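S.K.: Here is the input, now give the coordinates:
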Amino acid sequence: MAARREVVTSILLFLGVAGGLAGLGLVLRLAVGSPPAAALAVPAGGDAAFHLDPADPQLGRRAYAFCQGCHQPDGAGIAGTYPPLAGHPRVLGSAGDLIRVTLHGYDARSGLWNGAMPGFGERLADHELAGALSWIRGQWGNQAAAVTAAEVAAVRRAEAARTRPWTPAELGHPGPP
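M.R.: From the prediction side, this is the model:
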């Protein structure tokens with residue numbers, strides 16, 4: 001029941017941000033999952049009909065809808081469960097580690113946070129991930145360089161064999177948020 005409530009909350013939050021049938025399609029794709037990458041007819045990112053337009057000036061804000069259910073619209077996170085993105089060292093640090101976490105997920109349930117982040121690598125295209133990460137790195141007082149679709153593609157290729165979320169032990173603790 002909690003998972004269903006989370007999906008409904010995500011849908012409502014996303015529709016409030018992005019609106020329209022394309023937004024609903026993206027949320028439903030997130031909620032039900034995507035087929036394995038090998039089964040996709042288009043490059044990573046799933047159904048091409050639901051891709052966010054790379055030319056959309058609001059792409060990053062719209063793509064952040066995938067994140068805001070846990071990290072909140074204001075980037076404050078949920079105490080003890082999901083970290084804030086505002087001022088977080090992982091957000092402000094290496095774009096590579098941030099991309100890795102976003103592609104494959106992050107399981108910090110045995111560490112400082114009691115939440116696990118799903119990976120979005122099979123659900124979002126490189127430009128969508130780059131848009132969301134760039135938006136996050138420039139919001140709530142954050143002042144970090146934008147992330148490009150080429151950077152996301154390079155990390156995606158380098159980590160293509162990875163099938164599980166990253167852990168704090170693998171990436172190191174970035175410090176207090």
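
S.K.: which residues does Ala145 contact?
M.R.: By C-beta atoms under 8 Å, 6 or more residues apart in numbering, the residues touching Ala145 are 95, 137. For every residue, glycine as well, the C-beta is placed using N, CA and C.

S.K.: if we go to 10 Å?
M.R.: 92, 95, 134, 137-138, 151 (C-beta atoms under 10 Å, 6 or more residues apart in numbering).

S.K.: What pLDDT is listed against Asn142?
M.R.: Asn142 is assigned a predicted lDDT (pLDDT) of 94.

S.K.: can you count the residues close to it?
M.R.: 16 (other C-beta atoms under 10 Å).

S.K.: right, and it touches Val91 too?
M.R.: Yes - the pair Asn142 / Val91 is scored as a contact, 5.9 Å apart, by C-beta atoms under 10 Å.

S.K.: So which of the contacts of Ala145 belong to strands?
M.R.: Counting by DSSP state E, no part of these is found in strands.

S.K.: so where is the protein shaky, pLDDT-wise?
M.R.: Filtered on pLDDT under 70, the chain yields the residue ranges 1-51, 110-111, 173-177.

S.K.: what pairs with Asp107 across the strands?
M.R.: Asp107 has the following beta-bridge partners by DSSP bridges: Ala116.

S.K.: Common neighbours of Asn142 and Val91, please.
M.R.: 75, 85, 136.

S.K.: Tabulate these (CSV), appending neighbour count and distance to Gly121.
M.R.: Shown next, in CSV, are those (neighbours: other C-beta atoms under 10 Å; distance: C-beta to C-beta, whole Å):
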residue, neighbour count, distance to Gly121
Gly75, 21, 22
Leu85, 26, 19
Ile136, 26, 17
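
S.K.: Just the closest of those residues to Asp53, please.
M.R.: Closest to Asp53 out of these is Ile136 (19.2 Å), distances taken as C-beta to C-beta.

S.K.: The closest one touches Gly77, doesn't it?
M.R.: No - if you go by C-beta under 10 Å, Ile136 and Gly77 don't touch, sitting 11.8 Å apart.

S.K.: Now do the helices in this structure.
M.R.: In the chain, the segments counted as helices under DSSP state H are 2-17, 20-32, 59-63, 68-71, 89-92, 95-104, 126-136, 149-158, 168-171.

S.K.: okay, and the common contacts of Ile136 and Gly77?
M.R.: Here Ile136 and Gly77 have 71, 85-86, 88 as joint contacts, going by C-beta under 10 Å, 6+ apart.

S.K.: From these, which land in strands?
M.R.: Per DSSP E, the subset of the shared contacts of Ile136 and Gly77 in strands is empty.
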